[in-house]
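Engineer: Let's see this in three dimensions:
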Amino acid sequence: SVAQVQRSHRWLSGGHAIGNQYELAIHAARHTIYIENQHFCHPRTMEALLLALDRNVRVVAIVPGFQWDEHINNPFLKVLAQWCVGPRLGMCLAFLDALRRWCTGKRPSAYRRSFCTLLPLFTKHARSGRFCIAGLRHPTHDKYSVNDLRSIYVHSKLLIVDDEWFTIGSANMVDLSFDNDHTELNISVWDARVANLLR
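Structural biologist: Below you'll find the predicted structure:
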């Protein structure tokens with residue numbers, strides 16, 4: 001396979017390369033988009049996903065389903081802990097509603113507000129069956145488990161489009177990775193055989 005390397009940092013020439021590539025790939029999608037990402041809250045990328053959903057592209061997003069409330073202070077992760085427990089429609093809708101409440105909490109930033117305006121549109125697509133957001137759990141019997149299931153903290157950063165093209169690397173779907181001062185590195189490959197192995 002031929003691979004392309006993308007770097008991002010706002011002080012580099014072409015510093016938004018990874019975010020731009022995400023958007024271009026999503027705009028080109030014809031059938032399916034599969035995402036694994038620690039964060040799912042970059043407004044421009046989410047707008048591109050909504051356009052894809054409007055074209056009847058199916059979108060699946062796997063994000064952290066984190067239960068260790070005593071170990072985390074981030075309210076975004078606590079929302080995920082409460083709601084991101086499986087691919088069922090009800091959980092997906094509850095997850096989106098909880099995100100909406102997080103975004104409109106005390107003194108929401110402009111970034112949160114722009115993200116929040118998109119949530120009702122994802123809810124509409126979840127009801128249609130084209131969009132699913134889910135976390136992962138595995139059986140366990142330790143003190144952190146809920147109903148003998150322990151959430152898996154998804155830390156991967158993967159985007160697969162039409163089971164033919166993918167990008168994988170360090171970039172989260174968030175402004176710090178795509179627009180601001182985090183330095184990130186991704187590798188992109190157009191190879192259906194390899195893309196299918198990653199699913």
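
Engineer: any weak-confidence spans in the chain?
Structural biologist: 10-15, 65-116, 141-150 (pLDDT under 70).

Engineer: contacts for stretch 40-57?
Structural biologist: Contacts to stretch 40-57, defined as C-beta atoms under 8 Å, 6 or more residues apart in numbering, come from residues 19, 22-23, 26-27, 29-33, 59, 61, 63, 76, 111, 114-115, 118, 121-122, 125, 130-131, 133, 173-175, 177-178. (Each C-beta comes from the backbone N, C-alpha and C, glycine too.)

Engineer: Mind listing what's buried along it?
Structural biologist: Residues of stretch 40-57 classed as buried: 40-50, 52-53, 57 (neighbour count, 16 or more other C-beta atoms under 10 Å).

Engineer: Give me the buried entries from the contacts of stretch 40-57.
Structural biologist: Buried among those by 16+ other C-beta under 10 Å: 19, 22-23, 26, 29, 32-33, 59, 61, 63, 76, 114-115, 118, 121-122, 125, 130-131, 133, 173-175, 177-178.

Engineer: So which of those are in strands?
Structural biologist: Using DSSP state E, the members of the buried ones among the contacts of stretch 40-57 that fall within strands are 32, 33, 59, 61, 131, 133.

Engineer: any chance of the buried residues of stretch 40-57 in CSV, plus secondary structure and distance to residue 156?
Structural biologist: Shown next, in CSV, are the buried residues of stretch 40-57 (DSSP: H, G, I helix; E, B strand; the rest coil; distance: C-beta to C-beta, whole Å):
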residue, secondary structure, distance to residue 156
40, strand, 12
41, coil, 16
42, coil, 16
43, helix, 22
44, helix, 21
45, helix, 16
46, helix, 19
47, helix, 23
48, helix, 20
49, helix, 18
50, helix, 23
52, helix, 21
53, helix, 22
57, coil, 21
